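Colleague: got a predicted model here, sequence first, then my questions.
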Amino acid sequence: PLVTVIGAGNVGRTLTQRIAEKNLADVVLIDIVEGLPQGIALDLMAAQGIELHDSKIIGTNNYEDTVGSDIVVITAGLARKPGMSRDDLIQTNAKIVADVAKKAIQYSPNAQFIVITNPLDAMTYLTWKATGLPASQVMGMAGVLDSSRLQTFIAMELGVCTADVSTMVLGGHGDLMLPLTRYCTVRGVPIAELMDEETIERLVERTRHGGAEVVKLLQTGGAYYAPASSGCLMVEAILRDRSRLLPAAAYLQGQYGLDDIFLGVPCRLGCRGVESILEVKLTDEEQKALHASADSVRQNIKVAME
Ligand code: NAI
């Protein structure tokens, strides 16, 4: 299989490395900066014999080289600087995302599109519009990352293996995201049985600001290792047709009482993209929080579509 990664910045290049080193697919890495994707591709290829994978990595500035991709991942655009919110990126990134999505679809009309560029939910909506693809073939990566952050923080707090913790974060990829702590467990044991409410609330807040915490420490840009791992998990779910149940920004048509919006919900991901959306039971309070998150995503969509 072939995966195109658009944007050879921190997220794009790390995602390329993960896909190649897991032997999932050949990768075309594309960027507007001349020499950058070519240099990264050459550098990654030079490790092939050590990392023992067979994936071919091509760096390019030309969309013709992306022809016939099974998956296109969009990471092109600005990342946050300290003090910025994801929403501050909207105008610049909307232009970039619409442009790259239109170019990529010309060469890969049947691809699944995974959007990573922020503000995530609005950029996913924009990609759907720009490509004209069925909504099931367009999705955004955020819930896997936010859930993974919460999973890590719970494991660190309890001193248990991270893999034994199961978490689900829904909603938009912003401060109003909705960590579903009622459904978080350690090997099936609800976390409310294992820690007090204040601790849970502290971990939830850390998750909500997990991206900003990294931005503040790095000073030069945003997180990219965990985002690349999260994107790679979605790529794998699709390429290997694994029917993984993962939170992703998907197109809603009445689910959760929401319509015509991309928002983070639990999706079954397989070779046909978003194969179904799971509607978990929410309390009134959770439903309200999800709708508040949806309202802020809608404002971004409006700006992005102008
Ligand atoms: P970066 O600044 O390291 O890389 C961005 C790359 O995009 C640069 O190489 C730039 O040359 C390229 N680019 C800009 N315009 C382009 C165009 N028209 N065509 C092709 N390439 C173009 O940024 P980084 O850290 O890789 O982040 C990328 C995006 O992903 C940001 O918007 C960031 O906020 C977002 N992000 C989203 C996450 C999520 O959970 N959804 C997590 C982490 C980052």
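Modeller: Everything's here; your move. Residues are numbered from 1 along each chain as shown.
Colleague: what parts of the stretch 151-300 of the chain come near the ligand?
Modeller: The stretch 151-300 of the chain comes close to the ligand at residues 173, 221-224, 227, as judged by C-beta under 6 Å from any ligand atom. All C-beta spots, glycine's among them, are computed from the backbone N, C-alpha and C.
Colleague: what's the closest of those residues to residue 276?
Modeller: residue 173 (21.3 Å; C-beta to C-beta).
Colleague: quick one: that closest one is in a helix?
Modeller: No: counting by DSSP: H, G, I helix; E, B strand; the rest coil, residue 173 is not part of a helix but coil.
Colleague: quick one: it and residue 149 touch, right?
Modeller: No: Residue 173 lies out of contact with residue 149 (C-beta atoms under 8 Å); the separation is 11.5 Å.
Colleague: residue 101 is in contact with residue 133, isn't it?
Modeller: No: between residue 101 and residue 133 there is no contact under C-beta under 8 Å: 9.3 Å.
Colleague: gap between the two ends of stretch 74-92?
Modeller: Criterion C-alpha to C-alpha, to the nearest Å; first-to-last residue distance in stretch 74-92 is 14 Å.
Colleague: buried residues in it?
Modeller: Across stretch 74-92, burial judged by 16 or more other C-beta atoms under 10 Å covers 74-80, 86-87, 89-90.
Colleague: closest one of those to residue 127?
Modeller: For the buried residues of stretch 74-92, the nearest to residue 127 is residue 74 (6.4 Å; C-beta to C-beta).
Colleague: give me every residue that touches the closest one.
Modeller: Counting by C-beta atoms under 8 Å, 6 or more residues apart in numbering, residue 74 touches 6-7, 97, 100-101, 104, 113-117, 123, 127.
Colleague: how close does it sit to residue 110?
Modeller: 17 Å (C-beta to C-beta, to the nearest Å).
Colleague: do the same with residue 218
Modeller: Distance from residue 218 to residue 110, by C-beta to C-beta: 37 Å.
Colleague: residue 10 now?
Modeller: Taking C-beta to C-beta as the criterion, residue 10 is separated from residue 110 by 29 Å.
Colleague: more neighbours: which of these two?
Modeller: Each of residue 10 and residue 110 has its neighbours counted (other C-beta atoms under 10 Å); residue 10 has more, 19 against 10.
Colleague: nearest residue to the more buried one in space, please, no chain neighbours.
Modeller: Distances taken as C-beta to C-beta, 6 or more residues apart in numbering place residue 224 nearest to residue 10, at 3.8 Å, with adjacent residues excluded.
Colleague: what about the helices in the stretch 1-150 of the chain?
Modeller: Taking DSSP state H, counting those that start in this stretch to define them, one finds helices in the stretch 1-150 of the chain at 10-21, 36-45, 48-51, 90-107, 120-131, 143-158.
Colleague: what's the local residue count around residue 51?
Modeller: Using other C-beta under 10 Å, residue 51 has 13 neighbouring residues.
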